[in-house]
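Chemist: Pasting the sequence and the predicted coordinates here, then a few questions.
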Amino acid sequence: MTVGSSVGAQVEALVVNNQQQAQRLQANLNKSSIYCGGVQKEVRHQIVQQLGYTIEELPFKYLGVPLSSKKLNTIQWYPLIEKIMTRINSWTTKKLSYAGRAQLVKTVSLGVQAYWAQLFLIPAKIIKLIEGLCRSYLWSGVGYVTKKALIAWDKVCCPKYEGGLGLINLKICNRAAIAKLCWDLANKEDKLWIKWIHAYYIKGQREWKMSNTASWMVKKIMSAKVTVDQAQQEQNKRKGVLRHIYYHMTERKQRPAWPCLMFSNVARPKAYITMWIMMNQKLSTVDRLVQWGLEVDKMCVLCKNAEETTEHLFLQCQFARKLWEILLRRLDHQGTVPVVWEQFQQWCVQNGKGKRTTAQMFKTVLTEGIYGLWIVKNNRIFEQKSRKEESIAKEIAYVTMARIPTNISKMYLNW
Ligand SMILES: [Zn+2]
């Protein structure tokens, strides 16, 4: 008996066997194909003759994703890029705030992460392109790559407690997903592909020696062993292996104190994002526009008394001070807003930390206050509209009461 007919007979036996087990599930010859790897031409011919299926070449698409054990080339990644571009372009017609755009960007990266990034090692070039598209849409609302960004993408992708927005870092997430496959291999989970790799390549060795005959993908998975070993040594406080590996792979950054404002804050999303950019000191105040080489009037439009900087606009300007005074009085807060940036940050932490109801109320009002000042200043410049401090404070009180949980709002009935 030749090797070919032996393989054919085995495959046939398997098919017949399966058909007997599930008699209603008969394979449709027109809709089924056979994919061979490492099989000689004559043998392939014999298999086709015996089974009647057509032979196709890898990679083929399964649920829109090309399946291959080889490295995909740039052209093969095009469907993914095209999908992302179509989605982003369908959004660019809508006029959305940073907050709305951040939400949409989140759905794109989650989609890539849940689908493509779990199956393939995505080339650095493709990740850079995807991130470029997401970044440009977030900051400029466009469907092509631009350079404009108020906050670096790495920072945007940091967790909130490190001062970021908590978006996914695709590059790390992708490497973590591949390492997760390696983790499964090392822990010998009961899956067919794992049994197969163990039988053919690992063969019970403690130190995994890379086989030259292994496919590109198998090699990539096996080479993540170092990362997996390191991650396994750490105490796992996180739920899920993938999360644990992702955390292990991300660089720990120094945690600023102000991100306590990012939690239990019920301000409107557009106010929330403005506060986040402001606390990172990246709002496009006039002093920063001048640094970028723009010729603009340096004076603060609200008081016309000093140059506009973040510190002036939100802390020192007499307009801001009046607004804060009204808001703090309404909150029954005894202090005043500090006029120096560093002290302001400390003051925010003192009042906004923890789960106290007063902290939640403080954070929300502070965030809406920052947004109110930012909008009133922009409206003065671009629409020559002016509003009084009392009117802004009234709106902030109204918005806060509408959004804050009722158990807290009933404590502030005089609002
Ligand atoms: Zn001013």
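Modeler: Great, that's in hand.

Chemist: Name the residues of the stretch 151-300 of the chain found near the ion, please.
Modeler: Counting by CB under 5 Å from the ion, the residues of the stretch 151-300 of the chain lying close to the ion are residue 300. Just so you know, the C-beta spots here come from the backbone N, C-alpha and C atoms, and that holds for glycine as well.

Chemist: Quick check, the residue in the stretch 151-300 of the chain closest to the ion?
Modeler: Using CB to the ion, residue 300 is the residue of the stretch 151-300 of the chain that sits closest to the ion, at 3.1 Å.

Chemist: per-residue confidence for the nearest residue to that residue once chain neighbours are set aside?
Modeler: With CB to CB, 6 or more residues apart in numbering as the measure, residue 308 is the residue that lies nearest to residue 300, at 4.2 Å, once sequence neighbours are left out. For residue 308, the pLDDT comes out at 96.

Chemist: count of residues packed around residue 308?
Modeler: In terms of burial, residue 308 registers 24 neighbours under the definition other CB atoms under 10 Å.

Chemist: For it, give its distance to the ion.
Modeler: As for residue 308, its distance to the ion is 7 Å (criterion: CB to the ion, to the nearest Å).

Chemist: Tell me which residues touch the closest residue to the ion within the stretch 1-150 of the chain, please.
Modeler: Here the residue of the stretch 1-150 of the chain nearest the ion is residue 150; by CB to the ion that distance is 21.6 Å. For residue 150, the contact set (CB atoms under 8 Å, 6 or more residues apart in numbering) comprises 139, 277, 282-284.

Chemist: how about CSV for those, with pLDDT, neighbour count and secondary structure added?
Modeler: Converted to CSV, these look like this (pLDDT from 0 to 100; neighbours: other CB atoms under 10 Å; DSSP: H, G, I helix; E, B strand; the rest coil):
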residue, pLDDT, neighbour count, secondary structure
139, 95, 20, helix
277, 97, 18, helix
282, 95, 16, coil
283, 96, 19, coil
284, 94, 13, coil
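
Chemist: which pair in the residues you listed spans the largest distance?
Modeler: Spatial extent of those (CB to CB) is set by the pair 139 and 283 at 12.8 Å.

Chemist: sorry, back to before: need the three-state assignment for the residue of the stretch 1-150 of the chain closest to the ion.
Modeler: Of the three states, residue 150 takes coil under DSSP: H, G, I helix; E, B strand; the rest coil.

Chemist: Count residues in the vicinity of residue 172, would you?
Modeler: Neighbour count of residue 172, defined by other CB under 10 Å: 18.

Chemist: Without its sequence neighbours, what residue ends up closest to it?
Modeler: On the basis of CB to CB, 6+ apart, the spatially nearest residue to residue 172 that is not a chain neighbour turns out to be residue 249, at 5.0 Å.

Chemist: Just to check, that neighbour is in contact with residue 226?
Modeler: No - taking contacts as CB atoms under 8 Å, residue 249 lies outside contact range of residue 226: 11.6 Å.

Chemist: Between the two, point out the one with more neighbours.
Modeler: More neighbours surround residue 249 than the other of residue 249 and residue 226, with 17 against 10 (other CB under 10 Å).

Chemist: Just list the residues touching that one, thanks.
Modeler: Contacts here follow CB under 8 Å, 6+ apart; on that basis residue 249 touches 172, 175-176, 179, 227, 231.

Chemist: wait, which of these is closest to residue 390?
Modeler: Set against residue 390, the nearest of the contacts of residue 249 by CB to CB is residue 172 (48.3 Å).

Chemist: For the helix or strand the closest one falls within, name the packing helices and strands.
Modeler: With elements taken from DSSP states H and E, the one containing residue 172 is helix 170-186. Secondary-structure packing of helix 170-186 (3 or more CB pairs under 8 Å, 6 or more residues apart in numbering; DSSP states H and E): helix 98-115, helix 124-140, helix 192-197, helix 216-222, helix 225-233, helix 241-249.
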